[in-house]
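Asker: Fold the following.
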Amino acid sequence: MIRTKILLNFLALIAILSFGTFTQAQNQSSNLKPLDAKYVCMITNQEFAKEQIPVEVEGKTYYGCCEMCKAKIKNNPQSRAAIDPVSGNEVDKAVAVIGAAPDGSIFYFESEENLSQFSPTAAN
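Answerer: Below you'll find the model as predicted:
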């Protein structure tokens, strides 16, 4: 009986924390600003004030912040892809529309339309 109560309390806590994280992500999305890819490290998914290191792979340009990120882009095809949070489709980071939240979170989209739809007001 005590184990069941502990488990239920634990599950309730997880649900509360998950909802808080979801709500926080929604609030961040309303203020996404479009970014030029050359100011994003596509491995750390961070915005930088200066242009990053261009990495050519199969005729496309990706960006990394250091030699380790540059090597990962070249050698790891999965590092060059992201999931569009609106459509759920895989997006090539070299051609994605990139948005940044006020907290620095980076999101990759298939289109400008998806970037603009990624907001709590569009969901209502």
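Asker: okay but A49 is in contact with Y39, surely?
Answerer: Yes - using CB atoms under 8 Å, A49 and Y39 qualify as a contacting pair, with a distance of 7.3 Å. C-beta: built from backbone N, CA, C; applies to glycine.
Asker: Looking at those two, which is more packed in?
Answerer: Taking A49 and Y39 together and counting by other CB atoms under 10 Å, Y39 has the greater number of neighbours (16 against 5).
Asker: Could you tell me which residues make contact with the more buried one?
Answerer: Applying CB atoms under 8 Å, 6 or more residues apart in numbering, we find Y39 in contact with E47, F48, A49, K50, E51, Q52, Y63.
Asker: one more time with 6 Å
Answerer: E47, F48 (CB atoms under 6 Å, 6 or more residues apart in numbering).
Asker: phi, psi of it?
Answerer: In terms of degrees, to the nearest 10, the main-chain angles of Y39 are phi -100, psi 10.
Asker: so where do the strands sit in this structure?
Answerer: In the chain, the strands defined using DSSP state E lie at 33-35, 40-41, 46-47, 53-57, 60-64, 81-83, 90-92, 97-100, 106-109.
Asker: Can you show me the helices along this structure?
Answerer: Listed in chain order, the helices found in the chain under DSSP state H are 2-29, 67-75, 112-117, 120-123.
Asker: The residue nearest to the spatial centre of the chain bridge partners, please.
Answerer: Within the chain, one residue has its C-alpha closest to the average C-alpha position: by CA atoms, centre = their mean, that is F107, at 3.3 Å. Beta-bridge pairing of F107 under DSSP bridges involves G99.
Asker: can I assume it is in contact with A101?
Answerer: No - using CB atoms under 6 Å, F107 makes no contact with A101, being 7.2 Å away.
Asker: Next, show the common contact partners of those two.
Answerer: Taking CB under 6 Å, 6+ apart as the contact criterion, no residue touches both F107 and A101.
Asker: Any figure for the gap between E90 and D103?
Answerer: Taking CB to CB, to the nearest Å as the measure, E90 and D103 are separated by 24 Å.
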